[in-house]
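# dropping the sequence and predicted coords here.
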Amino acid sequence: MHAPRLSAVLLSALASCSGALVAPGCTNERVVYTTEIGRDANVQVSYSRCDGDAFVSAPAVETDAVDALAKRQGSNNVCGAACNTFCFPPAGNGPNAGDCTVIADALLYESQNVGVLFNVSATGTPANKITMQYMSCLTYFLNQDFSTLVYCRTEWSKLVDWLSSDCDAAHNAQGGLCVATDQRWYVQ
């Protein structure tokens, strides 16, 4: 079994060495399902899969570290799990915080009307990435683990608000991400 190729420590070190953190990409993204959520059904949601290098990673991850990570992975319910935040410098072209509030509110609406918890399929499956967009704001949850994870809409809502307010132009950033401390998932 292979573990996700991610190291928040190396990612942080890479960011401090290079002076910039580059937003992770998604190679050959394939959308399998789209819908709308929220009280006004105005937030677009898509379920998709990234091929190849969809993992947030840093060069030269030690094999021993990856094996140790696989052994630490436990519960699949990661609701409320800690994550490390990174902002993308420089300032400019970031989302409008008001647009992000619409997504955060839609997540809370869904938590009250559908349920707090939701599943995110394992990496390599047809839908290990869930993306939400409203106007200038785009957020997604990417499962980098090899098993299905359970997360909560209320926590995602908090992250959307936090990232849009603390990783904005006033803080010399244009968005950011929060990488799980066990590196199994991240929200951008």
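Arrived safely, thanks for sending. Numbering: from 1, shown residues only.
# would you confirm that Pro95 belongs to a strand?
No: Pro95 sits outside any strand when classified using DSSP: H, G, I helix; E, B strand; the rest coil, being coil.
# setting aside sequence neighbours, what's the nearest residue to it?
In space, Pro95 comes closest to Cys137 once its chain neighbours are excluded; the distance is 3.9 Å by C-beta to C-beta, 6 or more residues apart in numbering. Quick note: C-beta positions are derived from backbone N, CA and C, even for glycine.
# and what of Leu163?
The spatial neighbour of Leu163 that comes closest, neighbours along the chain excluded (C-beta to C-beta, 6+ apart), is Gly176 at 5.0 Å.
# do you know how far the one you found is from Ala169?
For Gly176, the distance to Ala169 under the criterion C-beta to C-beta, to the nearest Å works out to 12 Å.
# which of the two has more neighbours?
Each of Gly176 and Ala169 had its neighbours counted (other C-beta atoms under 10 Å), and the higher figure belongs to Gly176 (23 against 12).
# wait, isn't the more buried one in contact with Asn84?
No: Gly176 is not in contact with Asn84 according to C-beta atoms under 8 Å; the separation is 10.5 Å.
# let me see the contact set for the residue nearest to Leu163.
With contacts defined as C-beta atoms under 8 Å, 6 or more residues apart in numbering, the neighbours of Gly176 are 85-88, 163, 166-167, 188.
# quick one, helices of this protein?
For the chain, helices defined by DSSP state H occupy the ranges 8-18, 63-72, 97-113, 153-166.
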